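Visitor: just to be clear, the model below is a prediction. Sequence and coordinates:
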Amino acid sequence: MHDLESKEENLQSFNDCLNDENIVCLNDKLDAIDIASVSKDSINSLIEECNNIIIQAASECGMLKEKNIVNNNCNRNIKNCKVKKPWFNQECYTKRKDYHKAKSYNWRVKSVESKNNLIRCSKAYKKVCNLQYNEYRKNFIKKLRNLSQSDPKSYWSLLNKSSNTKTNVLEKISLECFHDHFKKLSNVQHDQNGDFTDDIDCNAVTNLNFELNSVITVDEVVKAIKSLKNNKSSGTDLILNEFLKNSCQKMIDIYVNVEDGKAQKKCENESRYMYDRRSYR
């Protein structure tokens with residue numbers, strides 16, 4: 001797996017490593033595009049070429065590095081295992097172990113004494129789990145309240161690390177509800193050839209419509225690139241914001257043509273929702 005690192009001293013060498021010949025070749029391909037017949041695959045192919053130019057330059061100047069993937073599999077030792085339940089401590093682990101032993105022994109012996117011992121271990125296990133869970137929640141809420149005013153960044157970081165947030169949201173929606181919802185969606189008949197532009201009141205068109213339907217300009221793209229934040233993680237394409245900023249001078253024409261081509265193709269597919277097919281913003 002590859003990872004990217006951005007350093008100030010490497011950014012100038014990155015700009016120098018951009019292949020001018022490949023940039024000119026890609027520009028020629030973009031200029032030769034026929035918007036009427038362009039496909040999504042062809043646009044994706046051009047975007048991939050653009051990404052390859054950037055990644056190649058990053059690799060040549062040493063900004064592309066190998067990243068080792070650590071195996072997160074752990075053994076059964078609780079000290080070496082990352083427990084999903086943060087409140088599940090050593091005491092809970094011991095009680096659970098005693099419960100499993102009692103359960104296994106009762107399954108083999110099946111006596112009154114073993115049954116009573118199983119019940120006792122089960123109650124002790126549940127009791128200590130409830131106690132530790134309630135104590136954890138109490139401390140967690142107390143910590144959140146203290147951080148909400150004093151340190152908002154740590155507050156949200158702690159809140160996002162809580163594994164219960166997403167789980168509780170999903171548990172509120174049953175599988176039957178999901179099934180019924182998507183079943184209704186699959187039964188809806190869509191008119192693929194329908195044209196809804198006749199229902200639009202042309203008198204309601206304002207200057208905003210013409211502004212939204214206009215071609216993407218160089219100034220717009222430059223402004224958008226300059227507004228990108230530094231020191232942010234890259235996406236699956238491995239393109240950092242710093243790469244876009246420092247390659248803007250050489251590749252601005254490519255960025256403008258690619259965005260305009262994507263916008264026009266998107267508006268062509270979604271024309272029934274728009275007054276003009278160029279209304280992409």
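Guide: Here it is on my side, so go on. Numbering: from 1, shown residues only.
Visitor: state which helix of the protein is the longest.
Guide: Assignment by DSSP state H gives helix 112-150 as the longest helix of the chain.
Visitor: what distance do you get for residue 62 to residue 17?
Guide: Relative to residue 17, residue 62 is positioned 10 Å away (C-beta to C-beta, to the nearest Å). All C-beta atoms are positioned from the backbone trio N, CA, C, and that covers glycine.
Visitor: neighbour count winner among the two?
Guide: Each of residue 62 and residue 17 had its neighbours counted (other C-beta atoms under 10 Å), and the higher figure belongs to residue 17 (19 against 13).
Visitor: quick one, helices of the stretch 151-281 of the chain?
Guide: Applying DSSP state H, counting those that start in this stretch to the stretch 151-281 of the chain gives helices spanning 152-161, 164-171, 175-187, 207-212, 218-226, 241-246, 248-269.
Visitor: compare the ones you listed and say which comes out lowest on pLDDT.
Guide: Out of the helices of the stretch 151-281 of the chain, the stretch the model trusts least by mean pLDDT is helix 164-171, with a mean of 49.
Visitor: tell me which helix or strand residue 84 sits in.
Guide: Under the assignment given by DSSP states H and E, residue 84 is not contained in any helix or strand.
Visitor: do you know how far it is from residue 161?
Guide: Computed with C-beta to C-beta, the distance linking residue 84 and residue 161 is 12 Å.
Visitor: with residue 106 instead?
Guide: Looking at residue 106 against residue 161, where the rule is C-beta to C-beta, the gap reads 39 Å.
Visitor: residue 223 too?
Guide: Summarising the geometry, the distance separating residue 223 from residue 161, computed by C-beta to C-beta, is 35 Å.
Visitor: then residue 206?
Guide: When distance is defined by C-beta to C-beta, residue 206 is 46 Å away from residue 161.
Visitor: please apply the same query to residue 101.
Guide: With distances defined as C-beta to C-beta, the gap from residue 101 to residue 161 amounts to 34 Å.
Visitor: looking at those two, which is more packed in?
Guide: For residue 101 and residue 161, the more surrounded residue by other C-beta under 10 Å is residue 101, and the numbers stand at 13 against 9.
Visitor: the closest residue to that one other than its chain neighbours: neighbour count?
Guide: For residue 101, ignoring the flanking residues on the chain, the nearest one in space by C-beta to C-beta, 6 or more residues apart in numbering is residue 121 at 7.8 Å. The local packing count at residue 121 equals 21, with neighbours defined by other C-beta under 10 Å.
Visitor: list the contacts of residue 121.
Guide: By C-beta atoms under 8 Å, 6 or more residues apart in numbering, the residues touching residue 121 are 95, 98, 99, 101, 102, 103.
Visitor: in JSON lines: the residues you listed, plus secondary structure.
Guide: Conversion of the contacts of residue 121 to JSON lines gives the following (DSSP: H, G, I helix; E, B strand; the rest coil):
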{"residue": "95", "secondary structure": "helix"}
{"residue": "98", "secondary structure": "helix"}
{"residue": "99", "secondary structure": "helix"}
{"residue": "101", "secondary structure": "helix"}
{"residue": "102", "secondary structure": "helix"}
{"residue": "103", "secondary structure": "helix"}
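Visitor: great, nothing more from me.
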